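> Got a sequence here, can you model it:
(chains A, B, C and D)
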Protein chains: 4
Amino acid sequence: MLTTNPFDDDKLREECGVFGIWNADAAASFVALGLHALQHRGQEAAGISSMDAAGFHSHRAAGHVAGTFDKDEVIRALPGRTAIGHVRYSTTGSSAMRNVQPLFAELADGGFAVAHNGNISNAMKLRRTLNRRGSIFQSTSDTEVIIHLVATSHHTQMLDRIVDALNQVEGAYSLLMLTEAGLIACRDPLGIRPLVMGRIGDSVIFASETVALDVIGAHYERDVGPGEMVLVNGDGVRSFRPFVSASPRPCIFEHVYFSRPDSVVDGTSVYESRKNIGAELARESPVEADIVVPVPDSGVPAAIGFSQASGIPFELGIIRSHYVGRTFIQPSQEVRHLGVKLKHNANSALIRGKKVVLIDDSIVRGTTSVKIVQMMRDAGAAEVHMRIASPPTRHSCFYGVDTPERAKLLAAQMDVAAMAKYINADSLAFISIDGLYRALGDSRNPAVPQRCDACFTGDYPTRLTDLTDKEMAQSALRVVASR
Amino acid sequence: MLTTNPFDDDKLREECGVFGIWNADAAASFVALGLHALQHRGQEAAGISSMDAAGFHSHRAAGHVAGTFDKDEVIRALPGRTAIGHVRYSTTGSSAMRNVQPLFAELADGGFAVAHNGNISNAMKLRRTLNRRGSIFQSTSDTEVIIHLVATSHHTQMLDRIVDALNQVEGAYSLLMLTEAGLIACRDPLGIRPLVMGRIGDSVIFASETVALDVIGAHYERDVGPGEMVLVNGDGVRSFRPFVSASPRPCIFEHVYFSRPDSVVDGTSVYESRKNIGAELARESPVEADIVVPVPDSGVPAAIGFSQASGIPFELGIIRSHYVGRTFIQPSQEVRHLGVKLKHNANSALIRGKKVVLIDDSIVRGTTSVKIVQMMRDAGAAEVHMRIASPPTRHSCFYGVDTPERAKLLAAQMDVAAMAKYINADSLAFISIDGLYRALGDSRNPAVPQRCDACFTGDYPTRLTDLTDKEMAQSALRVVASR
Amino acid sequence: MLTTNPFDDDKLREECGVFGIWNADAAASFVALGLHALQHRGQEAAGISSMDAAGFHSHRAAGHVAGTFDKDEVIRALPGRTAIGHVRYSTTGSSAMRNVQPLFAELADGGFAVAHNGNISNAMKLRRTLNRRGSIFQSTSDTEVIIHLVATSHHTQMLDRIVDALNQVEGAYSLLMLTEAGLIACRDPLGIRPLVMGRIGDSVIFASETVALDVIGAHYERDVGPGEMVLVNGDGVRSFRPFVSASPRPCIFEHVYFSRPDSVVDGTSVYESRKNIGAELARESPVEADIVVPVPDSGVPAAIGFSQASGIPFELGIIRSHYVGRTFIQPSQEVRHLGVKLKHNANSALIRGKKVVLIDDSIVRGTTSVKIVQMMRDAGAAEVHMRIASPPTRHSCFYGVDTPERAKLLAAQMDVAAMAKYINADSLAFISIDGLYRALGDSRNPAVPQRCDACFTGDYPTRLTDLTDKEMAQSALRVVASR
Amino acid sequence: MLTTNPFDDDKLREECGVFGIWNADAAASFVALGLHALQHRGQEAAGISSMDAAGFHSHRAAGHVAGTFDKDEVIRALPGRTAIGHVRYSTTGSSAMRNVQPLFAELADGGFAVAHNGNISNAMKLRRTLNRRGSIFQSTSDTEVIIHLVATSHHTQMLDRIVDALNQVEGAYSLLMLTEAGLIACRDPLGIRPLVMGRIGDSVIFASETVALDVIGAHYERDVGPGEMVLVNGDGVRSFRPFVSASPRPCIFEHVYFSRPDSVVDGTSVYESRKNIGAELARESPVEADIVVPVPDSGVPAAIGFSQASGIPFELGIIRSHYVGRTFIQPSQEVRHLGVKLKHNANSALIRGKKVVLIDDSIVRGTTSVKIVQMMRDAGAAEVHMRIASPPTRHSCFYGVDTPERAKLLAAQMDVAAMAKYINADSLAFISIDGLYRALGDSRNPAVPQRCDACFTGDYPTRLTDLTDKEMAQSALRVVASR
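You can find the predicted model right below:
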């Protein structure tokens, strides 16, 4: 009956986070801590696979990392000095457990566990082929395709089998694989999804974000490069570049929303990036106002940047309850309109009579923007100006990010003026795509963009094999392959 | 294994919140929403009792309001147009369920449900007397004493029985009582714990804080006055003043920490109060620094006030994970030292090389202050100056607030200079008790303080009958009765 | 969806069994074993209370003894060298847990736990009086009345308080009470419900049936006499006779159905009694037939007796599944007609073409008799003759046995000829009331029967205070007090 | 803590039962009823798979059929007019759920669900081969081998793929398979495990025993023959004989213990068979005694047969509690000695001073025989003579029956005289192997026995590929292939 209606329901959602460690006592307990720090990348389910002399051990569960992987008996059942883990945001349903990662299979040459951040855009086609040959799938996960490609590869060495498998695959993947040959990390040739490498003592760590290194006191060493495969085992750390090289296209939205502000992505502090975006936004679209109010919590850094650049005071005009989980996702559009105050409440004593600049990171469906502007007006705001710290989101992502179908993206349906009217703001402005690159210290190359910005521009860096022509047309997409 | 170590573990804790509504369709669903908004006042357990023509209905459960009272079947089992509810922070243990409120008893003249915020300071003495007369207690709750006093009263009318009972009681109480005579709200003569009254349409509402009115769209009407009893039934709303009058002594800590910043307490915005305290603190104890960093989240308003008064920029130097519940309380002192980064992480890219002013609302045991200063130093801070938005907490509370025994209060063990050294800060300052009253727009009357500030001053406004002489001495307390 | 439809659904049901032990290591584990042996006397819920130097410990749970009291952690949480327990067949519902025994109260002079087999026939009247005086009831159990009478007694010694309480009580009770004065066993002056005493080593045991002594290897010492109170403590075993004496009226139905065949009740083997009843039935109502078939399992001993007296072979014509719990009770009359074969199946290969004598212990509603005769006919029986090992059940029991309201008792609605037609048997006969006494070695005294046989005769041995005049009339009952 | 120690712990255990139905409304609810009737064949876990236009639906759960498959929501989630089910007695462990049947796989030409009674004796060898080719196994079940053989078969039609798969398989199997081609039943060429076919209205049913037909009111049509494959679909029922023919060798132990007495196996009533065995035993090994006492419940029919043949009265000398599940299996040898009275209690009043003939169906380890003889002596028996309704069990079964390793079989360790002494009986006799065949109406052909009696004789009818030579030697086995 009660519904949480967090403003951040109306966001794009990262679908996964991965974490792995080699050569640590109670490796699984480190993975649990790391996954906890990556919880914002996937709250539906989590899993850990560890390996010791006796073989592989796995535990997977719906829900948050805390609640399962903070239990002694769970961690004790995951012995070994190496382990990988995964957090997942994804579909629900009775069969969902089979899709929770790490996926595991007992191959002829030993166990194989894999955790995947990304999405394989020709998975359906590959699956049909494998199925006809007699491979039996246990999940509906695109990741399982990789396992069967490895299992049926004619190569004899595990690394070769993996390369053989990945050469047949299109799309985005940051992979951690646990095999008897060692712990293997691999990032797709375009480096669409992030993957970093760190160390603490003699342990080697891979993670989706640096914040997962911080939480266990490890230091950041370097990014796993686009197209790089790293093998860690008793012989040390070895790097391979087995794929055809390409211009990298890392996801720009990691800076806008996905990554935690205390992470460092592509060598830049996310907090700084967001403050810069806020400052750039103040310059591009200034407004006369009394207070700058962030939409909590993702809008806070950009709001501080906007406040400092504009000189308008930063104030908490919206109070967020800490007793509503960010992940409580309502099934239907209808109930998303109810109960918004459960999660956020206007600080009416502050707002009354003021001209307010609201700062949010993005607008997806627009549903919460409508409610939050109305909340400001109900609290007595004299004027409400909305500033958005990203360009209009007009296209779906096919690389491991949960986006609504295109028809539900507000910016795919109307221009900025109509959007301002729709959300009932006195003014509305988005940062430009060039302004966004500028805030990140770049200048966008329209021929071959330095990042994947397809959600804003429709410029997709890979083929999208599984999409039908009709879906292609609806998505208004255009493949701008990296070279 | 994993432990959350939120900085706000080291806080005083409000023990309860109450919410009641008269004359509403599906009254229990409003109570559920109201309790959800009061969740910060008690996260251990929650309960709702409703009344309809068929009688009384109750549901009580350990844990948060969400998870139990957001289920249709639970709400449907609580029919009726009037209902009261309670959230509780309290002791655990096998028998705890019997202590979860509202408590209910079938008296000779009908059902009686009660929800209580506060603490009865002569409960043990009254209990012994009742027990000897043949009354059988089902709980260890001080609140059950009130029920037995009502049950055994020689008066014939319910209101008279309640007044008779409360006249034997000492201490703090904001009570909601559901009886066949109607919904009754009552606040102790000193008004130690808060209780407000609101309306929406034809419904009358009572709640611990105004934020619970906001969440259901109700408007604040007035406070229930100290010593006032309000009866709501089919004949309307009637107010009684059945007790000997006294100078009010509302709890000052509601402004410092307990209440939500978007609540209005004693006619003042809590957010404004906290900003004022921060500004006053900047004036009383200025410091030269590069950035003002709040200890999230309770330190944020005072930090904004400090920043605006001092001109030092406000920055998020500590990032809080949203995936750790505020209420996850570790059993032992030891584990509280572990895993602090699970909940908070330094924004190292920002902190490095800076002179930092840390703003927190209070220091209780000091355990987290030690860790947070260290976290700043580990992140490369050049200097760390701690400023606290309340005076040193030196005394236990006996009015429904969970305080550590006095020996564990850092400020009861050492002076401010020693504390600064203990937490390893370059400087440490607390706001003065007079500065605190000033920030709230008052000037403290040391003979009869206008508020209960016993936790800072040891000036207790009531007798403490159940305390032994030895406990009195250890508490270094002094009763300064209101007149 | 699936329904169990055991033939023994259509039985009177003993409502309780009790077991207590004094002076045994891990007393609770013996109580668990004893209750398990008494499980047939109550399958809805079970509870154990133990006492050690630290005080009283209780655990109560819905369901069977196994499943709760076979868990180490449960038994370990019930420390002490003395303990009592209770199994219960009773009403369901949300508040049912409060009614599960042993009931416990913390009285002014210490803890008081009580387990009760029987029913207090003036409980409602006593409850109203106590309630008006300020006693607050926590359950709807008649047993709680005893606790409040003890709590409010003006006597100072525990034994005197208990006698004072029981002197106000009418009806049937076999009680075990755990107090700081010791373990107290007490049986009502008429001895309606059974209670035996046994020993093993230095331990003293009380139980509803001797089979509970067997299970722990204890030997039977004697019955607790009607009107006797036995106190066991460090000073040994003492017996009291505090009540006005009366002619005993032990329940005759213990021999017919309630007690296990391997128990010895009133000095007679129940198995022998039932065989004797079967033999007497063969003499009173002979029939020419091919096979004697028991309705399993309660009809087996009487069928063996019938077979041996008549010379007709005993055969298993109905096979019982062991995977349907006897206690699975369907809520509505309708579903009781479905699925009878889940629990019992005709042995068709045997039955086909045979003249069958079916032996059952009693007919209550007649619902299963209808089905079982039909089952025999479906299996090809040439003739079906039903013989019942008790007189027609025509009256409700008010002494702790669950009987349907009188209007649902088949024998209260029609005579034997009509019943035969109703159940579609070729012939039907019940043993006579005099034949039943004869089989038990007695000759019935109609003025003051030696046993309580009210369910057959309507001769109730006590006043029935709580019954309204209308209910009295409907019950067609007549109080034949013992003298 | 409490332990059930049913006498029937010391039995061979059938490992599975299967049930399937074609063309019935709510097919799954019939399967649930059928599995319930087959519960004695496997109590560890149960599962049902159904098929409708939307595809396949499965639910599997640990524990009994009741408790899971008597829930409306479970049955509603299994829609369709055809369904198969399985009950299983097997190993426990964390991964056990993956082994619970029906197993299901999505093959290239549609879903494939299989329920298997029996055991494949070359499963390990086949598995290694498949694994090397890239097949990924999800379970440790021998049944999964069949699925992968079907998936990788080069044939194009489903029936051909299944035949191709089964031709590679050795051992015992009664299979039900649900495919888009229809419902397929198949029994291995020797017909080791049973499988019958029945009808009700337009529905076709397959089940392990006829009792499962009875429970839903269906009639028995015929056995599925050894080596027969039956396909049921919209085109009707078709029978195939795709395997090389062989002399049938149905399991003789179905008559001794596995099947329910109300089932008809190989055209003979099991109840009659067991009575005949008892009568034959009375003739082969007569004894002078006062009473014949069955070891409940499996010994009852043989005891009735023994009593009728010998003229010694049949009496219930051992009373069985109905509140201990037959399936509660203790993990260690030690605890099996404790608590025997929990489940069975001597009827001491009957036994005292009597010469007793105890009838049991088999002796496996002998542990309970020791206890039961002792129980008779403790109850005062003058003499105790044990008669066993099967020959000594000297060899392990490899065809889907759980037997202890050979070293634990009492009859593999000592001769009958030593066994009598071991169990402390005044005399002990087993029926001879020829007597057993005689009771079943046959005369044993020692060259090629008409049944599989390997557990008594060591004459195994198939190769045992997965057994090592060492295991072969220890098992003292000899393959007497059917021709």
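
> Give me the average confidence score over the helix or strand containing A:Val373.
Per DSSP states H and E: A:Val373 is located in helix A:367-378. The pLDDT scores in helix A:367-378 average 93.

> and it, how far from the chain's centre?
26 Å (Cα atoms, centre = their mean, to the nearest Å).

> in the stretch 51-200 of chain A, what residue is nearest chain C?
Closest to chain C within the stretch 51-200 of chain A is A:Glu73: 14.7 Å, counting by Cβ to the nearest Cβ. From N, CA and C alone the C-beta is placed, and that goes for glycine too.

> what about the most far-flung residue of chain A relative to its centre, distance to C:Leu130?
Within chain A, the residue lying farthest from the chain centre (Cα atoms, centre = their mean) is A:Gly353, at 38.5 Å. Using Cβ to Cβ, to the nearest Å, A:Gly353 is found at 62 Å from C:Leu130.

> Ramachandran coordinates for the closest residue to A:Gly353 other than its chain neighbours?
Leaving aside its sequence neighbours, A:Gly353 sits nearest to A:Ala382 (Cβ to Cβ, 6 or more residues apart in numbering or on different chains; 5.6 Å). The phi/psi pair for A:Ala382 (degrees, to the nearest 10) reads phi -70, psi -40.

> And the strands in the stretch 301-450 of chain A, which stretches?
Taking DSSP state E, counting those that start in this stretch as the test, the strands found in the stretch 301-450 of chain A are A:318-320, A:344-346, A:355-360, A:383-388, A:401-402, A:427-430.

> buried residues in the helix or strand containing A:Ala115?
In the assignment (DSSP H and E), A:Ala115 maps to strand A:110-120. Neighbour counts using 16 or more other Cβ atoms under 10 Å in any protein chain shown place A:111-120 of strand A:110-120 among the buried residues.

> Which two among those are spaced furthest apart?
The distance between the two most remote of those (Cβ to Cβ) is 24.7 Å, for A:Gly111 and A:Asn119.

> hey, where'd the strands end up in the stretch 101-250 of chain A?
Going by DSSP E, counting those that start in this stretch, the stretch 101-250 of chain A shows strands at A:103-107, A:110-120, A:171-179, A:182-187, A:196-200, A:203-207, A:219-223, A:229-233, A:236-240.

> Domains in chain A, by residue range?
A:7-250, A:264-479 (automatic domain parsing).

> about what we covered before: can you lay out the buried residues of strand A:110-120 as JSON lines showing distance to C:Ala45?
JSON lines is the format used below for the buried residues of strand A:110-120 (distance: Cβ to Cβ, whole Å):
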{"residue": "A:Gly111", "distance to C:Ala45": "48"}
{"residue": "A:Phe112", "distance to C:Ala45": "50"}
{"residue": "A:Ala113", "distance to C:Ala45": "46"}
{"residue": "A:Val114", "distance to C:Ala45": "49"}
{"residue": "A:Ala115", "distance to C:Ala45": "47"}
{"residue": "A:His116", "distance to C:Ala45": "50"}
{"residue": "A:Asn117", "distance to C:Ala45": "51"}
{"residue": "A:Gly118", "distance to C:Ala45": "54"}
{"residue": "A:Asn119", "distance to C:Ala45": "53"}
{"residue": "A:Ile120", "distance to C:Ala45": "55"}
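
> Kindly reformat the residues you listed as TSV containing distance to D:Ala105 and pLDDT.
Output for these, formatted as TSV (distance: Cβ to Cβ, whole Å; pLDDT from 0 to 100):
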residue	distance to D:Ala105	pLDDT
A:Gly111	21	95
A:Phe112	19	97
A:Ala113	21	98
A:Val114	21	97
A:Ala115	24	97
A:His116	23	96
A:Asn117	28	95
A:Gly118	27	93
A:Asn119	25	92
A:Ile120	22	93
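
> Which of the residues you listed sits closest to chain D?
Distance to chain D across the buried residues of strand A:110-120 (Cβ to the nearest Cβ) is lowest for A:Phe112, with 9.0 Å.

> How about the contacts made by that closest one?
A:104-106, A:147, A:150-151, A:177-179 (Cβ atoms under 8 Å, 6 or more residues apart in numbering or on different chains).

> Can you tell me which residues in the stretch 151-300 of chain A are near chain B?
Residues of the stretch 151-300 of chain A lying close to chain B (Cβ under 8 Å from any Cβ of the partner chain) are A:211, A:214-215, A:217, A:260-262, A:264, A:269, A:271-272, A:297, A:300.

> Disregarding residues adjacent in the polypeptide, which is nearest to A:Ile200?
Distances taken as Cβ to Cβ, 6+ apart place A:Ala218 nearest to A:Ile200, at 3.7 Å, with adjacent residues excluded.

> list the contacts for the residue of the stretch 301-450 of chain A found nearest chain B?
Residue of the stretch 301-450 of chain A nearest chain B, by Cβ to the nearest Cβ: A:Ala349 (3.5 Å). The neighbours of A:Ala349, taking Cβ under 8 Å, 6+ apart as the test, are B:262, B:264, B:269, B:271-272.
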